[in-house]
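**Student:** structure for this input, please:
(one chain, ligands or ions: 1)
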Amino acid sequence: MVMKIKKAVIPAAGMGTRFLPATKAMPKEMLPIVDIPTLQLVVEEIVAAGIEDILIITGRGKSAIEDHFDRSIELEKLLEEKGKVEELADIKNISSLANIYYIRQKEPLGLGHAVLCARQFVGNEPFAVLLGDDIVHADLPVIGQLASIYTERGGTVVGCQRVGWENVHKYGVVDTDDPEASVVRVKRLTEKPDRSEASSDLAVLGRYIIDPKIFDIIEKTKPGAGGEIQLTDALNTLASLQQVWAYTFEGRRYDVGDRLGFLEATVEYALRRDDLSEKFRSFLSSLK
Ligand code: UTP
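**Tutor:** Numbering: from 1, shown residues only. Sure, this is the predicted structure:
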């Protein structure tokens, strides 16, 4: 039976080793894209798709995340006194975006393990998963695009794009009869395959609608690539039990946890901003 997607989970407990030293004391999910933390962009995508209950999986050293989505009475008072009306509205808006809950993953044992921490929150309904360091600029919120495919087809839906053969070793890769099709059944998923072993360059990119059967499967999933309990491995088992759809979503995706991805996001988001684009564009064109 197809159900409405009401809950979203954002794993944000990783150590961010690709972005050290910035992520030593600051969560990588709080890296700002111009002036908005990455995680806020992810929360806004979920809210735009009509989902209001969000669980963020955090860990030690990540309390800036909770503070960001909480009210800041002192700051509100100060902005009010200074007559900074717009800033005040923005700040108040962040703390009323959604119902946000938190749980700590006590050790970063992998993305699969992080998702397992959401079991009590999710219960027995299909749910959305969005990685806390992945953002997508799109006309329609990507998680809403996936929810529509789920409504049509049921099962589990993974958000994908072609990444080029030279990049397959960084991703979970889909084995399917037709990597060109916009929605296609997944035969097999492989985490971080060598280029020679990858059956396509269609990669899973940080957005999922998942059947709750995944929790029992993750519990039995052994550590895989990098010694971590991989969500991809659990989804691969799920694909042998029910339909898992690979959906090629529309939108420009950025991996903010990667240095180059972060820079690309910063430049392109700035160029899309009315208040910055003109001056920033002329600065960029002045560069040798
Ligand atoms: P990544 O593999 O990008 O995160 O996981 P990482 O382990 O922090 O990255 P590096 O390679 O060390 O730089 C994708 C998402 O899953 C979360 C991360 O926070 C990120 O948002 N994650 C990963 C967890 O919540 N727990 C984990 O054990 C691993």
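**Student:** confirm that residue 200 sits in a helix.
**Tutor:** No - checked against DSSP: H, G, I helix; E, B strand; the rest coil, residue 200 lies outside a helix; its state is coil.
**Student:** and it, how far from the ligand?
**Tutor:** 21 Å (C-beta to the nearest ligand atom, to the nearest Å). All C-beta spots, glycine's among them, are computed from the backbone N, C-alpha and C.
**Student:** and that residue, how many residues sit next to it?
**Tutor:** By other C-beta atoms under 10 Å, the residues close to residue 200 number 20.
**Student:** ditto for residue 165
**Tutor:** Residue 165, neighbours per other C-beta under 10 Å, totals 12.
**Student:** could you find the closest non-adjacent residue to it?
**Tutor:** Using C-beta to C-beta, 6 or more residues apart in numbering and skipping the chain neighbours, the partner closest in space to residue 165 is residue 201 (5.0 Å).
**Student:** residues in contact with the residue in the stretch 1-150 of the chain positioned nearest to the ligand?
**Tutor:** Nearest residue of the stretch 1-150 of the chain to the ligand: residue 14, at 2.1 Å (C-beta to the nearest ligand atom). Residue 14 is in contact with 28, 59, 108, 111, 114, 133, 257, counting by C-beta atoms under 8 Å, 6 or more residues apart in numbering.
**Student:** circling back to that earlier point, surely the residue nearest to residue 165 and residue 169 touch.
**Tutor:** No - checked against C-beta atoms under 8 Å, the pair residue 201 and residue 169 is beyond contact range at 10.8 Å.
**Student:** tell me which element residue 250 is part of?
**Tutor:** Per DSSP states H and E: residue 250 is located in neither a helix nor a strand.
**Student:** and it, what's its pLDDT?
**Tutor:** Confidence at residue 250, expressed as pLDDT, is 97.
**Student:** residue 213 now?
**Tutor:** pLDDT, residue 213: 97.
**Student:** can you tell me the closest non-neighbouring residue to it?
**Tutor:** Nearest residue to residue 213, sequence neighbours excluded (C-beta to C-beta, 6+ apart): residue 238, at 6.4 Å.
**Student:** can you check residue 119 too?
**Tutor:** Spatial nearest neighbour of residue 119, excluding adjacent residues (C-beta to C-beta, 6+ apart): residue 215 at 4.8 Å.
**Student:** so which residues of the stretch 1-150 of the chain form helices?
**Tutor:** 38-48, 63-69, 73-81, 85-95, 111-116, 119-122, 142-153 (DSSP state H, counting those that start in this stretch).
**Student:** would a markdown table of these with distance to residue 219 and mean neighbour count be doable?
**Tutor:** As requested, the helices of the stretch 1-150 of the chain are exported to a markdown table (distance: least, C-beta to C-beta, whole Å; neighbours: other C-beta atoms under 10 Å):
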| stretch | distance to residue 219 | mean neighbour count |
| --- | --- | --- |
| helix 38-48 | 26 | 22 |
| helix 63-69 | 26 | 15 |
| helix 73-81 | 42 | 12 |
| helix 85-95 | 35 | 13 |
| helix 111-116 | 7 | 25 |
| helix 119-122 | 9 | 16 |
| helix 142-153 | 23 | 20 |
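**Student:** could you dump these into a markdown table with mean pLDDT added?
**Tutor:** Listed next are these as a markdown table, based on pLDDT from 0 to 100:
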| stretch | mean pLDDT |
| --- | --- |
| helix 38-48 | 96 |
| helix 63-69 | 93 |
| helix 73-81 | 94 |
| helix 85-95 | 91 |
| helix 111-116 | 97 |
| helix 119-122 | 97 |
| helix 142-153 | 97 |
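**Student:** got these as TSV, with distance to the ligand columns?
**Tutor:** Shown next, in TSV, are those (distance: least, C-beta to the nearest ligand atom, whole Å):
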stretch	distance to the ligand
helix 38-48	9
helix 63-69	10
helix 73-81	26
helix 85-95	19
helix 111-116	4
helix 119-122	14
helix 142-153	15
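**Student:** dump these into CSV; add distance to residue 2 as well.
**Tutor:** As requested, the helices of the stretch 1-150 of the chain are exported to CSV (distance: least, C-beta to C-beta, whole Å):
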stretch, distance to residue 2
helix 38-48, 19
helix 63-69, 30
helix 73-81, 42
helix 85-95, 32
helix 111-116, 21
helix 119-122, 16
helix 142-153, 6
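**Student:** the residue in the stretch 151-288 of the chain positioned nearest to the ligand: what secondary structure?
**Tutor:** The minimum distance from the stretch 151-288 of the chain to the ligand, using C-beta to the nearest ligand atom, falls at residue 257 (4.5 Å). Look at residue 257: counting by three-state DSSP, its state is coil.
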